[in-house]
Every structure is written in C-alpha cells, then in structure tokens.
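*Asks:* Provided below for reference: sequence and predicted model.
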Amino acid sequence: MNAIPLNDSEFQQFQEWLHRTAGISLSAAKKPLVAGRLFKRLRHHQLSSYGDYFRLIMGSSGAAELQVALDMLTTNETYFFREPKHFDFLRDKVLPTAAVGRSFRVWSAACSSGEEPYSLAMTLADGLPSGTPWEIVASDISTQVLAQARSGHYPMARSRNLPHEQLVRHCLKGIGRQEGTFLVEKALRDRMQFLQVNLNESLPNLGEFNVIFLRNVMIYFDMQTKRQVVARMLPLLKPGGHLIVSHSESLNGVCESLQLVVPSIYRKP
C-alpha cells in the first residue's frame, strides 16, 4: 500500500479532536507526524484516506480504535532519570525533611512508559528515612504505554541513563529467553499504582501528594489549557509540597499561587 496524503481539512479534524479530548495543540509542523503514525492503522483497516479513518474512530463501533489513535498520537519518548537535577533536588532537599512515620506520596502525572515513576521509586527507596512508608501514583492518557509501564520490563538499551549502582540494586537482568532485557524489582513495582488519567478532564480522587511531577507535557498545551490543568492539580498538592515541570517549561503566567524555588521547581506555600 503506497503512502496516502493527509490533506489540510483531514489534519484539521485530528487537530480539533486531539485538542478537545486531550488538550494537546498540534501545530501545522506536526502534520507529517500525524500522517506517519496513523498510516499503519489505515493499512490495517484497508482504508484509502485519513478522512475514512477519522469517520471510523468517531463512529459508534470505533471506541477501541479511538483509544489506539489516541495512544499513537500522545506517546512520547522518555528515559530513566531524564533531567537528573530534579531527582538530585528530591534526594538532597526534599526527602531528608520528610516527616518520619508519615506516608510520602509522589504523582508522576504524565508517566509514559514508566521510566520516570521507576526513577522516582529508586530515589525514594534509597533516600527516604528508614521505615517511612511511600507510594507512587503514575498516570497517563495512553493505555498502551501504561501496559508497558505496569510490567516494569525493558530492553537493556533503555538502561543507558540508569546509574549502574541503581540498575544492580533495583533491577533483575534477564537470562535465557529474557536475555537483553531487565525487570524492575517487585519490591518497587508493588509500590506503584498505574492509572489512566486525562489531565484535560476532572481528576479522579487520588488523595494528596508531597511531590507532583508534571514534566514534558505542558509543551503540548496552549496557555488556557495549562492554567486549567495546573488549577485542577493544585488541590492535590500538600501545603509545602513541590510541583516540578521540565526545564523547557515554566508556570510564568500559568499559576500565581506557587513559589518558584529554582527554575522548573515550585513550592506550595
């Protein structure tokens, strides 16, 4: 099946749907990405246009394929200990002040395939005062990446940013049929709760958190969506808790009630 062109009006349909559903703003520059990611689904369904595919996912029998399309257009690459200064801040500044005996909770709000929450889990396991209970909630809009994250099972190539001592301490190296892969240890996987959450809708009752990681997701939102997303999350952040965005993001003009600690790290008074 030869490449099928994605025309402007078809692209606009996907743009509007993705913004309405997930709050994601696709620029015109993303048109080739949309065409490339969805082309295999056209081939799978033996469709001759992107307009036909859009009608399929919007139809009464298209709910399952709608989720597939959402997964394909919202999945982003990530890796262990991405933007390491955030994990250093957590280890050096936040964890030593954790209240002994009180549960310490972290939310990885756009967890993708799980590298961020497992990096957080290793940081908490190594850095919290002994005996402190802890939990990580990890969420994403994509069911596909959540399934990968839940498994905790990765190709060894994904460990390239994972410090060797933590790889040895917290992961199992695959042998036999699993050679060339590693598995995050069960003790850490048991502390994780993976949930499908759309940040563009009302949030489920997740409880309160000491730290929320909201990294590398707001770059896809327009200003109004950013404000709405942060406003929904703020009630879930404990007073004195930290909200962390990526180094390429800022809450300037998004939220006035958080205090800037260092660039990309904010504290709730």
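*Replies:* Nice, thanks for sending it over. Residues are numbered from 1 along each chain as shown.
*Asks:* center of the protein, which residue is that?
*Replies:* The residue lying closest to the centre of the chain (CA atoms, centre = their mean) is A110, at 2.0 Å.
*Asks:* Just the element for that one, please.
*Replies:* Using DSSP states H and E, A110 sits within no helix or strand.
*Asks:* now the helix or strand of the chain with the lowest mean pLDDT: how far from the chain's centre is it?
*Replies:* When the helices and strands of the chain are scored by mean pLDDT, DSSP states H and E, helix 63-74 comes last with a mean of 86. Offset of helix 63-74 from its chain centre (CA atoms, centre = their mean, to the nearest Å): 16 Å.
*Asks:* low-confidence ranges in the stretch 101-250 of the chain?
*Replies:* For the stretch 101-250 of the chain, no stretch has pLDDT under 70.
*Asks:* related to what we said a few turns ago, could you dump the next helix or strand after the least confident helix or strand of the chain to CSV, C-alpha only?
*Replies:* Proceeding N to C from helix 63-74, the next assigned helix or strand is helix 84-89, under DSSP H and E. Only the C-alpha atoms of helix 84-89 are listed here, as CSV (Å, rounded to 0.1, in the frame of the first residue of the first chain):
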residue,chain,number,x,y,z
PRO,A,84,18.6,14.4,36.6
LYS,A,85,18.7,17.7,38.6
HIS,A,86,15.1,17.1,39.6
PHE,A,87,16.0,13.8,41.2
ASP,A,88,19.0,15.4,42.9
PHE,A,89,16.7,18.0,44.3
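*Asks:* Packing partners of helix 84-89?
*Replies:* Using 3 or more CB pairs under 8 Å, 6 or more residues apart in numbering; DSSP states H and E, the elements in contact with helix 84-89 are helix 115-127. Heads up, the C-betas are built off the backbone N, CA and C, glycines and all.
*Asks:* I'd like the distance between the residue nearest to the centre of the chain and T97.
*Replies:* 26 Å (CB to CB, to the nearest Å).
*Asks:* now do A109
*Replies:* Counting by CB to CB, the gap from A109 to T97 is 22 Å.
*Asks:* The two: who's more crowded?
*Replies:* Taking neighbours as other CB atoms under 10 Å, A109 and T97 compare with A109 leading, 26 against 9.
*Asks:* per-domain residue ranges of this structure.
*Replies:* Annotated domains of the chain cover 8-73, 84-153+184-267 [automatic domain parsing].
*Asks:* Would you mind finding the most buried of those domains?
*Replies:* Comparing those by mean neighbour count (mean count of other CB atoms under 10 Å), domain 84-153+184-267 ranks first with a mean of 18.
*Asks:* Do me a favour and get the end-to-end distance for that domain?
*Replies:* 19 Å (CA to CA, to the nearest Å).
*Asks:* So what's the gap between it and the chain middle?
*Replies:* When distances are taken as CA atoms, centre = their mean, domain 84-153+184-267 is centred 9 Å away from the chain's centroid.
*Asks:* Doesn't F182 belong to a helix?
*Replies:* No - judged by DSSP: H, G, I helix; E, B strand; the rest coil, F182 forms no part of a helix; its state is strand.
*Asks:* contacting residues for it?
*Replies:* For F182, the contact set (CB atoms under 8 Å, 6 or more residues apart in numbering) comprises 153-154, 156, 159, 167, 171-174.
*Asks:* Tell me where this structure has helices.
*Replies:* With DSSP state H as the criterion, the chain has helices at 8-22, 31-45, 50-58, 63-74, 84-89, 115-127, 143-151, 164-170, 186-189, 223-233.
*Asks:* got the angle between the least confident helix or strand of the chain and helix 8-22?
*Replies:* 100 degrees (axes from the mean of the first three to the mean of the last three CA atoms, to 10 degrees).
*Asks:* packing partners for helix 63-74?
*Replies:* Contacts defined by 3+ CB pairs under 8 Å, 6+ apart place helix 63-74 against helix 8-22, helix 31-45, helix 50-58, helix 143-151.
*Asks:* Many thanks, we can stop here.
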